[in-house]
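[1] Show me how the following folds:
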Amino acid sequence: MAFRGKEMMKKLVKKVGAETLTPELKEKLKACVPDSKVVMGRAKRGLYAGRHIQYGNRVSEDGGNKSRRCWKPNVQEKRLFSYIFDRHIKVKVTTHALRCIDKAGGIDEYLLKTPYQKMDTEMGLFWKTKVEQRYAELGQMEVAFFNPEDEAKFEQGFKDLNIAKKEARREARKEARRKMYGDSKGGEEEKGEEEASLEAGGSESHQDDHGWLEASA
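    Residues are numbered from 1 along each chain as shown. Modelled structure (predicted):
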């Protein structure tokens, strides 16, 4: 199942957003996705890095008979971490694309360095436009720098906060243990008091018996 480049262009503009898409990115997309381009339908759901189905012949060893066959790319489902979006991206990639991503230094660098002409899949073009759009937004933001003293204060504040969290967890665990084992300990103490009182009462009764025997004698 193959799809045309014109349909791919419509879907990309709809996903990224026509309002947020800059004219330069739109022209690049139009240049790399001609209307007559036909791409494998399976490739629109992942990063294939130019790897698609190949067709050829299967030749028998005895008679040299030929029969048609195809070679499908080795596709794996991976979770790749994007630093610019600060989250994992679940995508289907070929082993060749994984090697290209490792060589580039990450999914963000691979999408930025790879030209639009080589991104012949819908998902690749979508994430490339998203990354470039995000970089453009970050370039317009103001960046504040702190002196070493302020950075040390921030680090100390984070350390104090972690210590306070650990102490709060410890206190919560102690309180939970008290609630869980408090009733059983109280019952054991009551039983111990009853046994002590019984022993004291028995000793007193024995002393009274001895006194009565001596008096009768």
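[2] By mean pLDDT, flag the weakest helix or strand of this structure.
    Within the chain, no helix or strand scores below strand 2-4, which has a mean of 49 by mean pLDDT, DSSP states H and E.
[3] Now do the buried residues in the helix or strand Arg134 falls within.
    In this assignment (DSSP states H and E), Arg134 forms part of helix 122-140. Going by neighbour count (16 or more other C-beta atoms under 10 Å), the buried part of helix 122-140 is Glu122, Met123, Gly124, Leu125, Phe126, Trp127, Lys128, Thr129, Lys130, Val131, Glu132, Gln133. Backbone N, C-alpha and C define where each C-beta goes, glycine included.
[4] what comes into contact with stretch 58-72?
    Applying C-beta atoms under 8 Å, 6 or more residues apart in numbering, the external contacts of stretch 58-72 come out as Ile53, Gln54, Tyr55, Gly56, Asn57.
[5] Return the set of residues that bridge with the closest residue in space to the last one that isn't next to it in sequence.
    Right, Asn57. Closest residue to Asn57 apart from its sequence neighbours, by C-beta to C-beta, 6 or more residues apart in numbering: Lys66 at 4.2 Å. Beta bridges link Lys66 to Val59 when assigned by DSSP bridges.
[6] What number of residues are in the vicinity of Lys66?
    When neighbours are counted by other C-beta atoms under 10 Å, Lys66 registers 11.
[7] now the one 3 residues further on
    Each residue near Arg69 was counted by other C-beta under 10 Å, and the total is 11.
[8] Check the gap between it and Val75 for me.
    Using C-beta to C-beta, to the nearest Å, Arg69 is found at 18 Å from Val75.
[9] Roughly how far does Lys10 sit from Lys128?
    From Lys10 to Lys128 the distance is 17 Å (C-beta to C-beta).
[10] For the host helix or strand of Lys92, name the packing helices and strands.
    Following DSSP H and E, one finds Lys92 within strand 87-94. Applying 3 or more C-beta pairs under 8 Å, 6 or more residues apart in numbering; DSSP states H and E, we find strand 87-94 packed against strand 46-47, strand 75-82, helix 122-140.
[11] what's the closest of the ones you listed to Glu167?
    strand 75-82 (32.8 Å; C-beta to C-beta).
[12] Who are the packing partners of the closest one?
    Applying 3+ C-beta pairs under 8 Å, 6+ apart, we find strand 75-82 packed against strand 87-94, helix 95-104, helix 107-113.
[13] and if we set it to 6 Å?
    Helices and strands touching strand 75-82, by 3 or more C-beta pairs under 6 Å, 6 or more residues apart in numbering; DSSP states H and E, are strand 87-94, helix 107-113.
[14] buried residues in it?
    Val75, Lys78, Leu80, Ser82.
[15] Just give the closest residue to the third one, not the sequence neighbours.
    If I follow you right, that is Leu80. Per C-beta to C-beta, 6+ apart, closest to Leu80 is Ile107, 4.4 Å.
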